[in-house]
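Engineer: need a structure here:
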Amino acid sequence: MRSIFLITNQSNSFLANELEVAKSLNCEINVITLKKRGEILPFAENIKERNDLHNLSFYRKGIIFYRMMTSHFFWFAILKNKKALSSIRFFFLTYKYLYGAFIIVDWALQHKNSILKPNTILYSYWNNFIPLGFAILKSKYKDFRSIKCYTRAHGYDVYEELVHQFFPYRDFTFQQLEAIYPCSQAGTTFLRERYKTVQHKIKTSRLGTLPYYKNIDVLVKHSKIVRVVSCSNIIAGKRVPLILENLIYCASKMSDITIEWHHFGDGDQMRFIKKRIAELSSKNFKCVLHGFVSNALIFDFYASQYVDCLVNLSLSEGLPVSMMEAISMQIPILANNVGGVSEIVNEQTGCLLDVNVQKEEFYEGLQYILMKEKELRFSTRQFWEKEFNAFVNYKDFYEQLHA
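Structural biologist: Numbers count the residues shown, from 1 in each chain. Okay, the predicted model is just below:
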């Protein structure tokens, strides 16, 4: 049985569907998160959550810092990058990125005996500092050179310039990995064009969602309500205030209809969005900010409320799971064309908008979905079955890891 060490620095909720499928596969998965977040993983004999990197001691952090500062990787990243030399922000990003990589190096050296076994795999869910840690480990320590290392890639960790990030040593990192798996064909194309020497290692592997078994065909649309949902962090790149402004505009043009907007998610712009809602209030516009809730509660909402469409106006995306969840529940999508979004939003599933969407274009897109709603509620589910069924996509991914 293969032993897989799956490392992530973000919420375990991103892993839920994948691990639900992996429960039935012939492999042992050790899930390692950089911070304790309180989320419960699917229970299974072959899935274990390890707290190796929770609450590192001051002494341990000192060792990691020393190992980083005495390495050429840190100094080359600073001295060979004009941005890091001229900008405090980019200097800090570089420092933070390299420190994160050396956390992974230190962890692997501490757990050498459990990692250095036949058929062990190191797998990062994000294409960030974690795979750089794998690469440093393989290049500096000969005992680790036979370990197979992989990473997924999504949105922010592919299109770094769009989200003003800086990921040093990308060429070096990719050279050391067995494969890089963007979740969209757009991400694969982008990375292959940028890193031509490792094109053969970059392969699309789509994410997926699980089927929801409650009967949603019985939901009845309210003739005087257009219910819209959005689901994302409330941060600058997700452009949640832009969703608000466009929906207010639609409400002004649809005076006989109430637009009811539900947003699931939280973030550092929550206070700002609440202020804007108060400023832009309208008689036929209602808004509910649900904050961060579990996927199960979002699905329960979809199963109990007739939702006309899901809206997403992000500046950068991979291929959003929130969209997969929506179309699995027969909910059409209104979204702008960034990243891999065009691979899920099409004539079968909704309406695609320009990234610099204007209010009238948004309004016309919403009208199109409302006009075609009956057809779309059937074709969305069909498209999901074909392209984003978790049982199909994740089994294929783990077969590739085992190959």
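Engineer: in this protein, which ranges drop under the pLDDT threshold?
Structural biologist: Within the chain, the ranges that satisfy pLDDT under 70 run 37-42, 213-218.
Engineer: what residue in it is the furthest from its centre?
Structural biologist: residue 256 (37.5 Å; Cα atoms, centre = their mean).
Engineer: that one contacts residue 225, correct?
Structural biologist: No: contact status for residue 256 versus residue 225: not in contact, 11.2 Å apart, counting by Cβ atoms under 8 Å. Placement of C-beta: from N, CA and C, glycine included.
Engineer: distance check, the closest residue to residue 160 other than its chain neighbours against residue 100.
Structural biologist: Leaving aside its sequence neighbours, residue 160 sits nearest to residue 167 (Cβ to Cβ, 6 or more residues apart in numbering; 5.2 Å). From residue 167 across to residue 100, the span is 11 Å (Cβ to Cβ, to the nearest Å).
Engineer: neighbours of the nearest residue to the residue farthest from the centre of the chain once chain neighbours are set aside, how many?
Structural biologist: Closest residue to residue 256 apart from its sequence neighbours, by Cβ to Cβ, 6+ apart: residue 224 at 7.3 Å. Look at residue 224: counted by other Cβ atoms under 10 Å, it has 9 neighbours.
Engineer: contacting residues around residue 224?
Structural biologist: By Cβ atoms under 8 Å, 6 or more residues apart in numbering, the contact list for residue 224 reads 256, 257, 258.
Engineer: thought residue 238 was touching residue 314?
Structural biologist: Yes: contact criterion Cβ under 8 Å: residue 238 and residue 314 qualify, at 5.0 Å.
Engineer: list residues touching both of residue 167 and residue 100?
Structural biologist: By Cβ under 8 Å, 6+ apart, the residues touching both residue 167 and residue 100 are 128, 129, 132.
Engineer: the first one contacts residue 97, correct?
Structural biologist: If I follow you right, that is residue 128. Yes: if you go by Cβ under 8 Å, residue 128 and residue 97 touch, sitting 7.5 Å apart.
Engineer: these two: which has the busier surroundings?
Structural biologist: Per other Cβ under 10 Å, whichever of residue 128 and residue 97 has more neighbours is residue 128, with 24 against 19.
Engineer: out of everything not next to it in sequence, what's closest to that one?
Structural biologist: Distance criterion Cβ to Cβ, 6+ apart; nearest residue to residue 128, sequence neighbours excluded, is residue 157 at 5.2 Å.
Engineer: what residues are up against the residue most central in space within the chain?
Structural biologist: For the chain, residue 154 is the residue whose C-alpha lies nearest the centre (Cα atoms, centre = their mean; 5.6 Å). When contacts are counted by Cβ under 8 Å, 6+ apart, residue 154 touches 126, 127, 182, 183, 187, 318, 319.
Engineer: at 6 Å instead, please
Structural biologist: Residue 154 sits next to 183, 318 when contact means Cβ atoms under 6 Å, 6 or more residues apart in numbering.
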